[in-house]
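Trainee: give me coordinates for this.
(chains A and B)
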Amino acid sequence: MPYSFTQIEKDKTRVIGFVFLFLIAFYFGVFWLIALLVKNFVLYEYTSPGRSGPLFLLNFHDSLIIFALAILVGYVHWTCTVSGLVGKISGVLKAEPLNPGDHYHQRLQNIINEVSVATGGKKIEGMVIPTTAMNAFALTDFKGRAIIGVTEGLLARLTRPQLEAVVGHEAAHIVAGDCLATTVTTSIFALYGGLLKGLERIFSETRSSRDKGGVMALLLCIYILLWVTRGMSQLVRMFISRQREYRADAVAVRLTRDPLSLAEALYAIDCRWRGAGLAAEELESIFIVNPAYSALDEKTSLFADMFSTHPPVKERLNVLLEMAHADMENLIQSAGDKNSQPRSPVPQPDAAQPAAQWMVHRNGLWEGPFDLARLLTIEGMRPETWVQRVGTTDMKMAYEDPEIIKAINKKTGSYHCPKCAISLTTVIYEGVEVLECSFCRGVLVAEKDATRIIIREEVGFSEEVTRLAARIVEQKKIWQWGKDAIKRDPGALLTCPRCEAHKGKMIPMFYTAAYHVEIDKCLYCGSIWFDKNELEVLQCLIEHQTEQK
Amino acid sequence: MTVLWIILGLALLVLIWAVAIFNTLVQLRENVKNGWSQIDVQLKRRHDLIPNLVEIAKGYMGHEKSTLENVIKARQQAINADNIKDRQAAENFLTGTLRSLFAVSENYPNLKADTQMRQLHEEIVSTENKITFARQYYNDEVNRLNTTVQSFPDTIIASAFHFEKREFFELEDTSEKTAPAVKF
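Mentor: Numbering: from 1, shown residues only, chains lettered A, B, ... in the order given. Got it, this is the predicted structure:
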């Protein structure tokens, strides 16, 4: 089977042509019906006053005009959908480009580049959807822009070879050419599902006002039309063969030569939440596994073959396992082993190396001892201030001590801890860059990164964290409105380190109503300040919750 | 007269057929070339990463001078090799030295904990995978070219226009997909 992209890009898939014809046929049908109704009931009295019954059909001339109109509208619909298609869909999915500073994203980018080499050099972009769900998708448009997207949940939970296999599967859709057909086919109607929901809202909001009758009638028309298109998008699924998933699995194995990892990945995806209820549900065909659980998918009847977009996961696993010469038991065991890897130990910077302490000579007195981070923030601290290391007898000026000079040079971060006022240092936690205060161990996290950190499970929890989490679970089983509200003292609000310039304040709140972990969130930039252990406790709580489910 | 037309028609058919085969062969040859340049890019990337690796490792493993020197030497050989055979040998040797470097680095926990090292490790794993994939693609394309060139009747056109069989590029199998690497 040829899979070199240069050859495949040449032969346009016939499916797309069929979909275009289907679209025109659909508009022709709709317009014809409307014209029939109009001619019979509205124009009846003008056109033929002598007729006895209202039922008469359209003549050839009318049909021709309607046909021309259908082609025109169909063409406009088509071009509107197809232009910038990839951007539109990734917008609906709320997918974001990769952040090169994030270790997990970097790994995904590397994997995509690797698989791209395996296909002979097809350029593929990477994207992530910030959700805990487990799924992956591929998109291409007529301009040849190709995207492989992965959810954060998948990124955090799969091992490297498994992720490679999933990316291989998606790349297979792209190079085999069926991705373009699927992208166009699903989006031709489903893309307007979002519009439908928007209209539904407007419709219900303006129901009360009477003077908007005309607008309402128009809206109702569009509303009905969109309901029809939604039905159409179900029908259009007939064009999408279930077999394409088997084929993509096979090509993925050909690219990565690793059937077992793909089987493990599919199994891991199947065991968890795949993303039902997300905005993308209507675009199911572009995903590796149908986000919504559908009983139809698991069947093998002719009807299921026609209307379902994904083959039964079990069948896919069987095919892959046969390639890998393994059976279901092996798979469950190996997936269990690999996906519950030991956590890396809780980082304990202080325990490993007792921090050096200094005495400082200030205002004629020896003060201290201070640790390095604290030392640099002392008022009146200058390069020529006298300092003395605790446990030694020689006094030095601050600039003579290599460790202090190193720390001063490193102190490039212009952000300061809202509680201790010492400068924050950049640390990597769960693959994300966060700003940490080396004194109080609080961390400042960007809003998006907070979601990512919570999803990821690389670092283990200390005993203290698990104990705190358990206590929160015990104490407050039910959220009580009013009783649990946080008392806000305007004087005690923290200043956001990122918004120091314009004195942006952080508001204390619960991270989510379900977990009573109090955090401080800046209303300007969305940065969140977690005090020591708060972030870990939150992670621990949410993880515990998902495991129980 | 009719006979002449028939002969002319047949000649035209043969010509069309020959052109079709010729074009397929050109396509295959271009794919092989593309595959080769991919390998080239990835091997170069590997050579570029090695000095960084050695530089970082130096700071932690002072006693392992010979291992580090071997890696540098192997890299130099790989860069200087020009034909496919030499290159294969040199790259295999380089893989071997890298493997022993990583094996030795097991004894240096500080090296493993180094953030730069972890980043570099991901880069090296990625590059090794890319080399594997590029080689795989190249060999698949070479396989298709060789099959076409040797099968009848394509072989007539191939030999007339000097389309030749290509050599496979064999590298030592980095059996586990994670390259000659250790777990960090």
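Trainee: could you chop chain A up by domain?
Mentor: A:5-82, A:87-339, A:351-410, A:425-548 (automatic domain parsing).
Trainee: how far away is the spatially most central residue of chain A from A:C271?
Mentor: Geometric centre of chain A, nearest residue: A:I129, 1.4 Å, by CA atoms, centre = their mean. For A:I129, the distance to A:C271 (CB to CB, to the nearest Å) stands at 19 Å. Just so you know, the C-beta spots here come from the backbone N, C-alpha and C atoms, and that holds for glycine as well.
Trainee: try B:L120
Mentor: B:L120 is 34 Å from A:C271, by CB to CB.
Trainee: on the three-state scheme, A:V517 is what?
Mentor: Counting by DSSP: H, G, I helix; E, B strand; the rest coil, the backbone at A:V517 sits in strand.
Trainee: count the residues that sit near A:F142.
Mentor: Counted with other CB atoms under 10 Å in any protein chain shown, the neighbours of A:F142 add up to 14.
Trainee: B:L120 and A:C271: which is more packed in?
Mentor: Neighbours per residue (other CB under 10 Å) separate B:L120 from A:C271, with B:L120 holding more: 17 against 13.
Trainee: which element is that one on?
Mentor: helix B:115-150 (DSSP states H and E).
Trainee: regarding chain B, what is its longest helix?
Mentor: Longest helix in chain B, counting residues (DSSP state H): helix B:2-60.
Trainee: quick one, strands of the stretch 1-150 of chain A?
Mentor: A:96-97, A:125-129, A:136-140, A:146-151 (DSSP state E, counting those that start in this stretch).
Trainee: A:C221 is nearest to which of those?
Mentor: strand A:136-140 (31.6 Å; CB to CB).
Trainee: ok now the closest one, how far from the chain's centre?
Mentor: 13 Å (CA atoms, centre = their mean, to the nearest Å).
Trainee: so which residues on the stretch 101-250 of chain A come close to chain B?
Mentor: Contacts of the stretch 101-250 of chain A with chain B, taken as CB under 8 Å from any CB of the partner chain, map to A:103, A:106-107, A:110-111, A:113-115, A:117-121, A:160-161, A:164.
Trainee: try it again at 6 Å.
Mentor: Residues of the stretch 101-250 of chain A found near chain B (CB under 6 Å from any CB of the partner chain) are A:110, A:114, A:117-118, A:120, A:161.
Trainee: now chain A
Mentor: Residues of chain A lying near chain B (CB under 6 Å from any CB): A:4, A:110, A:114, A:117-118, A:120, A:161.
Trainee: for the strands of the stretch 1-150 of chain A, give me JSON lines that also has distance to A:I332 and mean pLDDT.
Mentor: Formatted as JSON lines, those follow (distance: least, CB to CB, whole Å; pLDDT from 0 to 100):
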{"stretch": "strand A:96-97", "distance to A:I332": "33", "mean pLDDT": "88"}
{"stretch": "strand A:125-129", "distance to A:I332": "27", "mean pLDDT": "89"}
{"stretch": "strand A:136-140", "distance to A:I332": "21", "mean pLDDT": "88"}
{"stretch": "strand A:146-151", "distance to A:I332": "23", "mean pLDDT": "90"}
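Trainee: which of these sits closest to A:K39?
Mentor: That would be strand A:136-140 among these, by CB to CB, at 43.2 Å.
Trainee: so what does that closest one touch, helix or strand wise?
Mentor: Packing partners of strand A:136-140 (3 or more CB pairs under 6 Å, 6 or more residues apart in numbering or on different chains; DSSP states H and E): strand A:146-151, helix A:160-175, helix A:178-190.
Trainee: export these as JSON lines, with columns for distance to A:I66 and mean neighbour count.
Mentor: As requested, the helices and strands packed on strand A:136-140 are exported to JSON lines (distance: least, CB to CB, whole Å; neighbours: other CB atoms under 10 Å in any protein chain shown):
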{"stretch": "strand A:146-151", "distance to A:I66": "38", "mean neighbour count": "27"}
{"stretch": "helix A:160-175", "distance to A:I66": "37", "mean neighbour count": "26"}
{"stretch": "helix A:178-190", "distance to A:I66": "21", "mean neighbour count": "25"}
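Trainee: can you add distance to A:L494 and give these back as JSON lines?
Mentor: JSON lines is the format used below for the helices and strands packed on strand A:136-140 (distance: least, CB to CB, whole Å):
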{"stretch": "strand A:146-151", "distance to A:L494": "33"}
{"stretch": "helix A:160-175", "distance to A:L494": "38"}
{"stretch": "helix A:178-190", "distance to A:L494": "45"}
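Trainee: where among those is the average confidence lowest?
Mentor: Note on those: lowest mean pLDDT is at helix A:178-190, with a mean of 80.
Trainee: relative to the whole chain's centre, how far out is that one?
Mentor: With CA atoms, centre = their mean, you get 20 Å for helix A:178-190.
Trainee: ok, now stretch B:104-111?
Mentor: That offset, for stretch B:104-111, works out to 30 Å (CA atoms, centre = their mean).
Trainee: start and end of it, how far apart?
Mentor: Chord length of stretch B:104-111, first to last residue, is 11 Å (CA to CA, to the nearest Å).
Trainee: now do the buried residues in it.
Mentor: Buried residues in stretch B:104-111, counted by 16 or more other CB atoms under 10 Å in any protein chain shown: B:104-105, B:108, B:111.
Trainee: would you mind finding the most buried of the domains of chain A?
Mentor: Of all the domains of chain A, domain A:87-339 has the most neighbours on average by mean count of other CB atoms under 10 Å in any protein chain shown, namely a mean of 19.
Trainee: then stretch A:241-249 to CSV, C-alphas only?
Mentor: Extracted in CSV, the C-alpha atoms of stretch A:241-249 (Å, rounded to 0.1, in the frame of the first residue of the first chain):
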residue,chain,number,x,y,z
SER,A,241,-16.3,4.3,6.4
ARG,A,242,-15.6,2.5,9.7
GLN,A,243,-12.9,0.6,7.9
ARG,A,244,-10.7,3.7,7.8
GLU,A,245,-9.9,3.2,11.5
TYR,A,246,-8.7,-0.3,11.0
ARG,A,247,-6.6,0.9,8.0
ALA,A,248,-5.1,3.8,10.0
ASP,A,249,-4.3,1.4,12.8
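Trainee: contact partners of that stretch?
Mentor: A:169, A:172-173, A:178, A:308, A:310-311, A:316 (CB atoms under 6 Å, 6 or more residues apart in numbering or on different chains).
Trainee: quick check: the farthest pair among the residues you listed?
Mentor: Farthest pair in the contacts of stretch A:241-249 (CB to CB) is A:A172 and A:S308. Separation: 19.7 Å.
Trainee: would you turn the residues of the stretch 101-250 of chain A next to chain B into CSV with distance to B:R75?
Mentor: Below are these laid out as CSV (distance: CB to CB, whole Å):
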residue, distance to B:R75
A:N110, 22
A:E114, 22
A:V117, 21
A:A118, 25
A:G120, 27
A:P161, 27
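Trainee: with that, I have no additional questions.
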